[in-house]
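[1] kindly generate the corresponding structure for this input.
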Amino acid sequence: MKVAASSVPGVRLHGPDSPEFETALTAILGRAPRQLLRPALPFSVIVENNSSRTIALLGVRFDMLGARAKEYSVVHYADTLRNPEKADLRPGVTRFVCAEPAYTALVIRGEVAADTRGRMNLDNLRRMLQIRASLDCVAFADGSFHGPDSQGAFDRLREERRAEAALLAEMLGLEAAPPGHVETLLTEAVQDASSRGRRNVARKLLEALAAGGMRDMLARARSYRCRIALTREVAG
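    Okay, here's the model as predicted:
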């Protein structure tokens with residue numbers, strides 16, 4: 001597997017053939033890699049945070065070339081932007097990322113086996129003619145966003161945050177409204193196919209409304225944490 005050099009200062013990507021990979025993986029696991037993990041290592045990278053800031057959003061891209069020169073690509077994200085203080089990719093910390101996320105979970109959550117789909121997907125990776133890994137995007141805990149961002153995560157996350165905040169403000173302004181009216185508005189928001197942000201918030205508020213009426217819904221709206229605001233840093 002080829003690994004592209006990182007374009008984000010202070011954040012490095014190590015491929016399975018690099019000497020840093022095995023050392024970092026052993027440090028992450030606390031021991032040599034388990035046998036069940038070894039088949040996934042040729043399709044994995046280690047992300048190393050050498051910056052002075054905690055990473056709250058990480059996107060690693062895998063570009064694959066299959067039979068008949070068919071191209072595939074996927075970006076795996078790790079997002080703690082709602083609670084950046086809980087992000088574990090602090091300065092000096094490394095993270096294991098596999099092109100098949102079931103094996104990433106084996107390491108991060110300490111699971112003992114990959115599911116059937118994960119093992120099947122690993123077989124598919126073995127049939128690829130070429131795989132290239134690259135750092136697609138990084139957002140630090142202060143909200144600064146970096147990287148090529150091939151899937152438009154920056155704009156998507158900013159729009160979701162805006163939509164969430166707008167619905168929360170709308171619901172908090174309906175404190176004296178009949179619960180039935182609020183339920184109708186939230187149900188409509190849950191069904192809004194155009195806005196994931198509205199759907200996410202509406203589900204939580206609708207659950208609170210059903211459990212404890214307007215009091216619980218309003219309390220949930222006041223305590224709801226939107227993702228932190230992102231700003232794209234421009235070089236120069």
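[2] can you give me the mean pLDDT across the lengthiest helix in the chain?
    Ranked by residue count and defined by DSSP state H, the top helix of the chain is helix 196-223. Average pLDDT, helix 196-223: 96.
[3] so where's this protein shaky on pLDDT?
    Applying pLDDT under 70 to the chain picks out residues 32-33, 111-113, 233-236.
[4] what ranges does it have for its helices?
    Under DSSP H, the chain gives helices at 19-29, 101-108, 116-126, 153-172, 179-190, 196-223.
[5] quickly list the domain ranges of this structure.
    2-151, 155-223 (automatic domain parsing).
[6] among those domains, which is nearest residue 229?
    Between residue 229 and the domains of the chain, the tightest spacing by CB to CB is seen for domain 2-151, at 5.3 Å. Backbone N, C-alpha and C define where each C-beta goes, glycine included.
[7] end-to-end on the closest one?
    Start-to-end span of domain 2-151 (CA to CA, to the nearest Å) is 20 Å.
[8] I'd like to know how far residue 232 sits from residue 146.
    According to CB to CB, to the nearest Å, residue 232 stands 8 Å off from residue 146.
[9] more neighbours, those two?
    Between residue 232 and residue 146, counted using other CB atoms under 10 Å, residue 146 has the larger neighbour count: 23 against 15.
[10] how far away is the more buried one from residue 47?
    13 Å.
[11] same thing with residue 6?
    Distance, residue 6 to residue 47, by CB to CB: 9 Å.
[12] and for residue 14?
    Residue 14 is 8 Å from residue 47, by CB to CB.
[13] and the longest helix of the chain, what does it pack against?
    helix 153-172, helix 179-190 (3 or more CB pairs under 8 Å, 6 or more residues apart in numbering; DSSP states H and E).
[14] name the stretch among those that sits most buried.
    Stretch with highest mean neighbour count among the helices and strands packed on helix 196-223: helix 153-172 (a mean of 17; mean count of other CB atoms under 10 Å).
[15] end to end on stretch 15-22, go ahead and measure it.
    With CA to CA, one end of stretch 15-22 sits 9 Å from the other.
[16] same deal with stretch 187-205?
    With CA to CA applied, stretch 187-205 spans 10 Å between its terminal residues.
[17] could you report the separation of the closest residue in space to residue 158 that isn't next to it in sequence from residue 154?
    Distances taken as CB to CB, 6 or more residues apart in numbering put residue 230 closest to residue 158, at 5.8 Å, once the chain neighbours are dropped. Distance, residue 230 to residue 154, using CB to CB: 6 Å.
[18] quick one: common contacting residues for the two?
    Counting by CB atoms under 8 Å, 6 or more residues apart in numbering, the shared contacts of residue 230 and residue 154 are residue 145.
[19] sorry, back to before: residues of the longest helix of the chain that come out buried?
    197-202, 204-206, 208-209, 214, 217-218, 220-221 (16 or more other CB atoms under 10 Å).
[20] find the pair from those with maximum spatial separation.
    Using CB to CB, the buried residues of helix 196-223 span at most 22.4 Å, a distance reached by 197 and 214.
[21] burial count for residue 107?
    Other residues close to residue 107 by other CB under 10 Å number 20.
[22] who does the residue lying closest to it once chain neighbours are set aside bridge with?
    Nearest non-adjacent residue to residue 107, counting by CB to CB, 6+ apart: residue 96, 4.4 Å away. Judged by DSSP bridges, the bridge partners of residue 96 are residue 46.
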